[in-house]
Every structure is written in C-alpha cells, then in structure tokens.
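Novice: Using only what follows, build the 3D model:
(2 chains)
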Amino acid sequence: MNCEESKEKLVEYIEGLLDESQKQTVSKHLKDCQTCQTEINELTNIQNRLINNSQEITQSNLENKVMDNIVREQNVMLKNKAAKANPALKLRKNIMKSPLVKLAAAAIIIIAVLIGLNPFEPGITLAQVIKPILNSRTIIFDMISGTDENAMTIHEIVVDSRIRRTMSNLPTMTMIIDMDNEQLLSLDTVGKTAFYADIKGDLGDMTRSYIGFVREIIRQLQEEQVENLGEQIIDGKKAIGFQGEGKNEQVTIWADSQTAIPILIEVRIGQEMAFMMKNFVFDAQVDESLVSMEVPNGYTLKDAQVNLGNAKEEDFIESLRIWATILGQGVFPEAIDTGATMENMPVLIQKLQQLNIPEEEGTKMGIDVGLGMLFQQTLDVSGNPWKYEGKGVKFGDTSKVVFWYQPKGSVTYRVIYGDLHVEDVSPENLLK
Amino acid sequence: MSETDKYYVERCLDGHPDDFRHLVRRYQGVLLANLAGKLGDKDRAEEAAQETLVRAYFNMSKLNKPDSFFSWLLGIADHVAKEHHRKEQIQQKRETIISFSEEIPPTEISDDYSLEAAITELPESYRKVILLRYYGKHSCNEIAKQLNLPLGTVTKQLSRAYAMLRDTLQQSQQATNNEV
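Specialist: Numbers count the residues shown, from 1 in each chain, chains lettered A, B, ... in the order given. As a prediction, this is how the structure comes out:
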C-alpha cells in the first residue's frame, strides 16, 4: 500500500468501516510511514475537537421550550383566527350565563380531565426517584395537557385520597374530589354556589387522580422495562431521566440529579392522550380544609345532582345523535374526539340557546355529549380497537358506518350506522 | 426512535403535533452547532434554534419533500441567522448614532465556536455531513441512508471536510498569532 491509497482509507479506518484485511494493511502502512502517521494524528485531533464541542453543545435541551412555544403560538393564532369564536373564552362566558348549562359544561370538563387506567405488565422499583411520588401524603403540582391545543394548566393539591383541582381556563371554578367515596364537590368561587356530582360506576372504577395514575404505572413497571435516558438539563436543573413503557402507556420521569426529587413527569396514553406534570412540592403542609368535602361557609348548595358514573353505548349513540342533528345539521362531523368535543361545547351551548331548548333538556344533552366522549376515552385507554368513520355521513343513512368498536372480551364488533342502528359484525365482515 | 423524518413530518401533518418532539430531539444539536458557528454565542444560538424549529413546525405544510426535512430545516436556520445578524447590525448602528461614534464595532465571534464557525463555511454538502456525524450523532451508514448517498461518498466528503476545517483553523490561528 502506498501513501496515496492509505490516505484515501484513513477516514474509513477511523470510522471502523474497513474489513479485517484492509484494516491490517492500513495499520501496517501506518507503522512504517511517518507522513501517514502525522496525517492520522491530525485527523484524530480534529475529530476529538469535534466530539468535545458536540458534547458541550448537545447538552442544551430545547425540546420542552420549543414545544411550549409551539403551543403558545398556536393559541395566539387560534385566538386571532377565531376572534369571533374563541372556544375557551366563549365557553367561559356562556358558562357564566346560566347555572344549569354551567353544570353541564362543568360536567364535560370534569370528564375531560379524569382519565382512565389500563392495567398493564407487573412491578418495579426505581427506588429513590419514585419514593416521593409513591409515598408522599401531600403532593402539589401542575398538569399540562400535551396535545390539546387550548392547553390548560391544571393545578392540583393532593392530600391522601382527596384532590383540590383548579383549571386555568375556568379560574372561578374549584373542584374537590374524594376518590374514596367517588364524589366530587364543585365550587363556583364567584357565584358562591356549590354542587355535588357522583362519579361512581365505570368512571369511578376506571379513573384515578393523575398522581394516582402515575403511581399505578410506576408500581407496575418492571426494572428491565425502564430505560435510563441519562442526564439532561430540565428547567435549568441537571436531571436524570427514566422512561418506562407499558402496553398502552409510556411514562418519563425526570428527577433532580442531586436530590432524586422528580422535576418533570411526562405521560402518554393510547393513541392521543399525553400530559405532563411539573412544579412538584412533596409533603408540603396543607390546610385540611382545602380538601374538605363540606360546602364552605357562605356557599349555597344547588340540589342538582349530576351523575357522571357510567358511559354506556346508549350514551355514546345519544351523543352521536346530538353531533349529527344539533351540531352537524344532519351530517356527522369530521371528528368527535376529546379535542373536538371540548371545542364544540360552546357551540352546543349556543345552539341550544338558539333553538330555545329548555335548560333541563339542554343540560342532559351536554352531559350526553360528555359521556359520549368518555365512552371513546374508555375505549382508547383500554386498548380496544375502535374507529370513527362518520365524516360526511348523512344522519339517517342506514348503509354507511359511522363508528365501530370491539367491546372488551368480545369476538365480534359493534358497528353503528348513520341511522344509529347497531349491528354485531364478525371480524371478517368488518373489512367491508 | 428510529422512525424516519418523513414519518414524523407526516404524523405532524396528520394532526399529531406532539410528534414534532422527536424531530426537535433529533436535530437540536445540529442546529445549535450551525447557529453557534454563525452567531458565535451559545445563548443567541439557542434562541435562534428555537425560532428555527417553531418556524419549521408552522410551515411544515409547505415542505414538498418530507424526505428532505433536514436540508429544509438547515435552510430555515441559515435564514434565521441572517435575520439575527441584520437586527444586530441595525441595533449597533442605532447605538453608534446615539453615542456619536463613527466606528461600528464588528460583531464579535467568540473563539469558543471557531470550529463551528469553520463548519458553517464549508460547502453545503460537507457541512451537512459533519453536522450530522458529530452534532446529530449519526453513523456514516445512517448519513448515507438519510442523504441518499453511497457510503464511499460520505467518507470522502468527511475526509475533505476534515482537511478544509484543518486549513481554516490553522489560518485563523495564525491570524490571531500575528495580531498578538
């Protein structure tokens, strides 16, 4: 091998891309040739500089900043685009108008922020990092919905099985949730009214507080399912990351490298849902009255009892009817998922008012739409196959499929058509 | 994690904005290096890299070939860097006018990023290869696949890029030595 040939091969040599015999030829030439030795030294020199520099530069983590910026800009764009119909603002305004519609909307939002839990593969310790999450009696944190464009922040104070929850898009509403008794107390801090809602049934069984949900996932993770993500800067602090994956969930925990206290937890569930939790305070002194289920002094209790317990197929079909007839003017809409539901709540309230639908009936419709959404969320988190195919289908069309899903433990599929009749369909016929 | 750029671009366009995260993770290092080279300062590079990524996200529907996301992204970064330069020049001119001084001090490029500065001066195809190899932590094989080039071309480009970087760095070294 001469110098010319050797020089050509040096990069491949360093990169380990040569086969054994070529490698030996180059090594041998290098031993004998001073010039080529200098050449390779200079090469590795510059390579080392590149590696060092890249290590320093790639320490920065822009991910969350960029994603936050995107959400923020998207919100600004949405606001500008829909100055006439900003969903969040409209929602708030309409909610304030009527006490019963307010209940309906509140119900929807409550449903939207409770999430299902799907049991998955069994259990671990990431001992240090997860200790405060599992064992703290009180935890305070903020939860941000990761995919919702109108991303609201939910602030939670958790004391044992009680939760005090406030949401950035409904600043005058506070909810206190008693997970043990599956009851919810909603407080309107401006109107000084209160009401109780029942969250027993499916919802009670399937929903947990966010922290409870994260706890379950963590308990069920196997050590070998957890990937160490190494160190990164999170919120200006050095943090160690762990990522665990279940069948249908993924949880990433970033904890302070020094104290092992969690800084950021990201959770993904099913096809669509993602949220993150941050600004944690563990074992803080919390005034117990903040999570009391008693109606506070000065508040009037509304006797309307709202039952949010179960989301059955009938409820879902009822919600489809409302989507098609009231929201869609005879045609099924493009989407009916959580995002679409949240966005359309204000539209629904407006339509109900235009159509002069009595408040009681309107409230029921609001709750039906909410339960329909919950039904889908339930399918989504339980990992059962389902699909909405109703876009553009005319209400009353007996031949077109609007929605299909596979109930838990069932071989056949339930298929809902444009006239809302339902058929049991075997898997081989589903393709049609 | 090993999905292609095209996959994530299409996911974003299909209404899964959160998948943009993966592209951020993949290219933040490359962008920061490129922008630190152009702007000579880490904070400025971070700011510009964020701006680049946010801009890319909102203009994704204009990307004709999702395969060429990286080249397109780098193009946006160069544009953002230019804008930052222009803004700074205007700012400096204002300050000069205010201080009644005749001289406009040149933007300082810190020595810390002389290597990155040299990278940004490389011909386009060499720049890409170096950025992906070191700041994107791609292997030569991955680069070949991503840029749709034969492996031999990638190693040749790397080899030439090293030589050019070496020359540039030696020259700037000499220049500083002469000044001292």
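
Novice: for A:Gly424, what are its contacts?
Specialist: I think there's a mix-up here, since residue A:424 is Asp and not Gly. A:Thr412, A:Tyr413, A:Arg414, A:Val415 (CB atoms under 8 Å, 6 or more residues apart in numbering or on different chains). From N, CA and C alone the C-beta is placed, and that goes for glycine too.

Novice: Low-confidence ranges, chain B, go.
Specialist: B:1-2, B:93-112, B:179-180 (pLDDT under 70).

Novice: Could I get the CA-only coordinates of stretch A:325-333 as CSV?
Specialist: Output in CSV follows, covering the C-alpha atoms of stretch A:325-333 (Å, rounded to 0.1, in the frame of the first residue of the first chain):
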residue,chain,number,x,y,z
THR,A,325,-78.5,16.7,14.4
ILE,A,326,-77.7,19.7,16.5
LEU,A,327,-74.0,20.4,15.8
GLY,A,328,-73.7,18.9,12.3
GLN,A,329,-77.0,20.0,10.7
GLY,A,330,-77.9,16.5,9.5
VAL,A,331,-74.3,15.3,8.8
PHE,A,332,-71.8,13.7,11.0
PRO,A,333,-68.8,15.9,11.7
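
Novice: can you list contacts of that stretch?
Specialist: With CB under 8 Å, 6+ apart, stretch A:325-333 has contacts from A:320, A:323-324, A:340, A:344, A:347-348, A:351-352, A:355, A:365, A:390-396, A:402, A:418.

Novice: Which residues of chain B lie near chain A?
Specialist: B:16-18, B:20-21, B:24-25, B:28-29, B:32-33, B:36, B:42, B:46, B:49-50, B:53-54, B:57-58, B:115-116, B:130, B:133-135, B:137, B:139-140, B:151, B:155-156, B:158-159, B:162, B:165-166, B:169 (CB under 8 Å from any CB of the partner chain).

Novice: Got a PyMOL select line for the buried ones in those residues?
Specialist: Paste this into PyMOL to select the buried members of the residues of chain B next to chain A, with burial taken from 16 or more other CB atoms under 10 Å in any protein chain shown:
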select buried, chain B and resi 17+18+20+21+24+28+29+32+33+36+42+46+49+50+53+54+57+115+116+130+133+134+135+140+155+156+158+159+162+165+169
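
Novice: quick one, what contacts the residue nearest to A:Ile140 when sequence neighbours are not counted?
Specialist: The shortest distance from A:Ile140 to any non-neighbouring residue, by CB to CB, 6 or more residues apart in numbering or on different chains, is to A:Val281 (4.2 Å). Contacts for A:Val281 (CB under 8 Å, 6+ apart) come out as A:Ile139, A:Ile140, A:Phe141.

Novice: I'd assumed A:Val281 was in a helix, is it?
Specialist: No. Using DSSP: H, G, I helix; E, B strand; the rest coil, the secondary structure at A:Val281 is strand, not a helix.

Novice: thinking again about what came up before, buried subset of the contacts of stretch A:325-333 as a ChimeraX selection?
Specialist: Buried residues within the contacts of stretch A:325-333, by 16+ other CB under 10 Å, are selected in ChimeraX with:
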select /A:320,323,324,340,344,347,348,351,352,365,390,393,395,402,418
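
Novice: out of the contacts of A:Asp424, which are buried?
Specialist: A:Tyr413, A:Arg414, A:Val415.

Novice: quick one: the residue nearest to A:Ile140 and A:Ile263, what's the gap?
Specialist: Separation of A:Val281 from A:Ile263 (CB to CB, to the nearest Å): 12 Å.

Novice: before we move on, the earlier item: right, and out of the contacts of A:Val281, which lies closest to A:Gln34?
Specialist: A:Phe141 (64.0 Å; CB to CB).

Novice: Show me how far the strand or helix carrying that closest one is from its chain's centre.
Specialist: According to DSSP states H and E, A:Phe141 maps onto strand A:138-145. Its chain's C-alpha centre and that of strand A:138-145 lie 13 Å apart, by CA atoms, centre = their mean, to the nearest Å.

Novice: which residues sit against that strand?
Specialist: A:132-133, A:151-159, A:210-211, A:274-286.

Novice: Which strands border that strand, and is each parallel or antiparallel?
Specialist: strand A:153-159 (antiparallel), strand A:273-282 (antiparallel) (DSSP bridges).

Novice: Need these in TSV (columns: mean pLDDT).
Specialist: As requested, the strands paired with strand A:138-145 are exported to TSV (pLDDT from 0 to 100):
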stretch	mean pLDDT
strand A:153-159	86
strand A:273-282	82
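
Novice: got these as JSON lines, with distance to A:Ala194 columns?
Specialist: What follows is the strands paired with strand A:138-145, written out as JSON lines (distance: least, CB to CB, whole Å):
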{"stretch": "strand A:153-159", "distance to A:Ala194": "18"}
{"stretch": "strand A:273-282", "distance to A:Ala194": "27"}
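
Novice: Quick one: closest of these to A:Asn69.
Specialist: When these are compared (using CB to CB), the closest one is strand A:273-282, at 15.0 Å.

Novice: For the closest residue to chain B within the stretch 51-200 of chain A, which non-adjacent residue is closest in space?
Specialist: Residue of the stretch 51-200 of chain A nearest chain B, by CB to the nearest CB: A:Thr58 (3.8 Å). Excluding its sequence neighbours, the residue lying closest to A:Thr58 (CB to CB, 6+ apart) is B:Gly29, at 3.8 Å.

Novice: okay but that neighbour is in contact with B:His138, surely?
Specialist: No. In this structure, B:Gly29 is not within contact of B:His138 by CB atoms under 8 Å, at 10.4 Å.

Novice: Please report how far the most centrally placed residue in chain A lies from B:Val24.
Specialist: Note on chain A: the residue nearest the mean C-alpha position is A:Ala274, at 2.3 Å, using CA atoms, centre = their mean. Separation of A:Ala274 from B:Val24 (CB to CB): 15 Å.

Novice: With A:Phe141 instead?
Specialist: For A:Phe141 relative to B:Val24 (CB to CB), the value is 24 Å.

Novice: if we can go back for a sec, between the buried ones among the contacts of A:Asp424, which sits nearest A:Leu187?
Specialist: Lowest distance from A:Leu187 to those (CB to CB) belongs to A:Arg414, with 38.9 Å.

Novice: tell me the SS of the closest one?
Specialist: Secondary structure assignment for A:Arg414 (three-state DSSP): strand.
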